[in-house]
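Asks: this is the structure alone, sequence omitted:
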């Protein structure tokens, strides 16, 4: 093979490889990754919540931190059972559940998650309620504002 032919073949192989990489589907990522909203938890209180979402394929997690509920006594790690309900694409609902939480000192805001759920590409999810069970006591919180800056889009 002549030197010029080798250079042309190398160029063509490199161009084809770059074209193949450019045509590969992009990884899906949730946007935004963080949103805020307000919750009313009845006699347990009300306040702002921060939701942080991540995605790995069809698996997604949302972590919730809210000052709407404070711990009356210390709460040990992984003892808060939580269900976050979200509207899906403006009409249906889906839930993210889990019992993961850091240790929460008395008087501190409740943090829970990651809560686990399943998503499809293009799903638009907005939180509507949060149910937290600690020591057998259930607090139900309802969203009083929309998520800001908007729903999570997966």
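Replies: Received, thanks. Not measured: the values here are computed from a predicted model.
Asks: low-confidence stretches in this protein?
Replies: 1-28 (pLDDT under 70).
Asks: quick check: the gap between the most centrally placed residue in it and residue 122.
Replies: By CA atoms, centre = their mean, the mean C-alpha position of the chain lies nearest to residue 53, the distance being 2.1 Å. Residue 53 sits 15 Å away from residue 122, going by CB to CB, to the nearest Å. C-beta: built from backbone N, CA, C; applies to glycine.
Asks: could you list every residue that touches the nearest residue to residue 41 once chain neighbours are set aside?
Replies: Spatially, and ignoring its direct neighbours in sequence, residue 41 is nearest to residue 141 (4.0 Å; CB to CB, 6 or more residues apart in numbering). Contact analysis of residue 141 by CB atoms under 8 Å, 6 or more residues apart in numbering lists 39-42, 44, 49, 66, 68-69, 129-132.
Asks: out of those, which sit inside strands?
Replies: Among those, DSSP state E puts 39-40, 49, 66, 68-69, 129-132 in strands.
Asks: can you give me the buried ones in stretch 30-38?
Replies: Buried residues in stretch 30-38, counted by 16 or more other CB atoms under 10 Å: 30, 35, 37-38.
Asks: give the contact list for residue 126.
Replies: Residues near residue 126 by CB under 8 Å, 6+ apart: 86-87, 146-147, 150-152.
Asks: among these, the buried ones, what's the ChimeraX command?
Replies: Applying 16+ other CB under 10 Å to the contacts of residue 126, the buried members can be selected in ChimeraX as follows:
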select :86,87,147,151,152
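Asks: helices along this structure, start to end?
Replies: 3-23 (DSSP state H).
Asks: which residues in it form strands?
Replies: Taking DSSP E, the strands of the chain run over residues 34-40, 46-56, 59-70, 81-88, 92-98, 109-118, 124-134, 137-143, 152-153.
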